[in-house]
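Asks: let's see this in three dimensions:
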Amino acid sequence: MPASRFQLQSARVLPFLLAGTITWSSGYPAAVPDMGWLEPDKLGHFAAYGALATAILRHPALIRWPLLGLWWALPLASLYGLGDEFRQSLNVYRSYDLADWAADTVGAAVAVTLYLRWPAYRRLLETPILKARKKAQATEVLATKRTEGAKAEQS
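Replies: Numbering: from 1, shown residues only. As a prediction, the model looks like this:
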């Protein structure tokens, strides 16, 4: 089934929205609790840049050529993370951390690998949320009508 115009437009805009959100969010002081050996900050970096790399990979210009998408998504997400870490070093509230950049790059690599190699993960990401809800609602309405029809026949 061909993608709708809205789906194509949102796939083009999503990487830029994610990148802008990451940049905007990283300009504020971090309020991360100390949890010992597990740093939630690194999990946030991992997830955010994994989402960014996946959004780049799903761009309509790259979707037909997965390996080309890999070669674009991974370096772009990693370099964007490096640039964001440099920008944070200019902020009085934040500091430059190579471990954050490593978490950015690993998150992007894992997300891209999962998207390209695990069909169930890819299907999950490609399933439209609103369409699934509408289909579930339509099924529920149909079941209700059948039940009401059966009750009417029994009376």
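
Asks: name the element the nearest residue to residue 43 once chain neighbours are set aside belongs to?
Replies: Leaving aside its sequence neighbours, residue 43 sits nearest to residue 103 (Cβ to Cβ, 6 or more residues apart in numbering; 7.8 Å). In this view, the C-beta of every residue, glycine as well, is placed from N, C-alpha and C. For residue 103, the element it lies in under DSSP states H and E is helix 98-117.

Asks: for the chain, what are the low-confidence residue spans?
Replies: Residues of the chain meeting the criterion pLDDT under 70: 1-8, 29-38, 129-155.

Asks: what about the helices in it?
Replies: Counting by DSSP state H, one finds helices in the chain at the ranges 5-25, 40-57, 66-89, 98-117, 119-126, 129-154.

Asks: so the residue nearest to residue 43 makes contact with residue 50?
Replies: No. Counting by Cβ atoms under 8 Å, residue 103 does not reach residue 50; the two are 9.8 Å apart.

Asks: one step back: and among the helices of the chain, the most buried is which?
Replies: Neighbour counts (mean count of other Cβ atoms under 10 Å) averaged over each of the helices of the chain peak at helix 40-57, with a mean of 22.

Asks: quick one: contacts for the residue sitting nearest the centre point of the chain?
Replies: Centroid check for the chain by Cα atoms, centre = their mean gives residue 51 as the closest residue, at 3.2 Å. When contacts are counted by Cβ atoms under 8 Å, 6 or more residues apart in numbering, residue 51 touches 18, 111.

Asks: roughly how far does it sit from residue 112?
Replies: As judged by Cβ to Cβ, to the nearest Å, residue 51 and residue 112 stand 11 Å apart.
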